[in-house]
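Colleague: Need a 3D model of the following:
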Amino acid sequence: MDGTIKSRGAMTLLEMVIGFAVVVFLGCTTIHQAPHVSLPETLIGKSRQDLLACAGSPLREIPVAGGIILNYYKEASMFEKSFPGSKSSRSGAHHGCWARVSISEDRVIGIEYRSVPTAGIADDHCDEIFQNCAQ
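Modeller: Numbering: from 1, shown residues only. Down below sits the predicted model:
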């Protein structure tokens, strides 16, 4: 009987060691995912004509040495700017996003977003400008 208890204990210990090894092995593996490409990155290299076709006309076109800058603006919707009150709504902070597209030799070479009034808050509004370009 003493040998049976020892062999059961050894088997239990062996099962625990194997289980621990499996958990450690699975914990060290990583799931490979395709790198996330932001919407502005997908526009790099597009022709000016393709950009205008999917994003529409910019508010301003500024000629610069070696190319042109296209300025787009997207304002927050009215629902984002007002907050309901007890009997009325009160106006919230006006916000939106400026997108500055740099074009050289008829190709997009860079895009910058600038949220107003605070940087980084409404960058999604800039993505809305170019959402038709991602399709």
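
Colleague: And the chain, split by domain according to the record?
Modeller: The chain breaks down by automatic domain parsing into domains covering 1-32, 39-134.

Colleague: quick one: which of the ones you listed has the weakest pLDDT on average?
Modeller: Lowest mean pLDDT within the domains of the chain: domain 1-32, at a mean of 63.

Colleague: Can you report how many residues neighbour the closest residue to Gly96 other than its chain neighbours?
Modeller: Nearest residue to Gly96, sequence neighbours excluded (Cβ to Cβ, 6 or more residues apart in numbering): Glu75, at 4.0 Å. From N, CA and C alone the C-beta is placed, and that goes for glycine too. For Glu75, the neighbour count with other Cβ atoms under 10 Å is 14.

Colleague: wait, Glu75 sits on Cys126?
Modeller: No - between Glu75 and Cys126 there is no contact under Cβ atoms under 8 Å: 11.2 Å.

Colleague: Packing partners of whichever helix or strand Cys97 is part of?
Modeller: Using DSSP states H and E, Cys97 sits within strand 96-104. Helices and strands touching strand 96-104, by 3 or more Cβ pairs under 8 Å, 6 or more residues apart in numbering; DSSP states H and E, are helix 48-55, strand 67-75, strand 107-116, helix 123-129.

Colleague: closest to Pro40 out of the ones you listed?
Modeller: Closest to Pro40 of the helices and strands packed on strand 96-104, according to Cβ to Cβ: strand 107-116, at 4.0 Å.

Colleague: what inclination does that closest one have with respect to strand 67-75?
Modeller: 40 degrees (axes from the mean of the first three to the mean of the last three Cα atoms, to 10 degrees).
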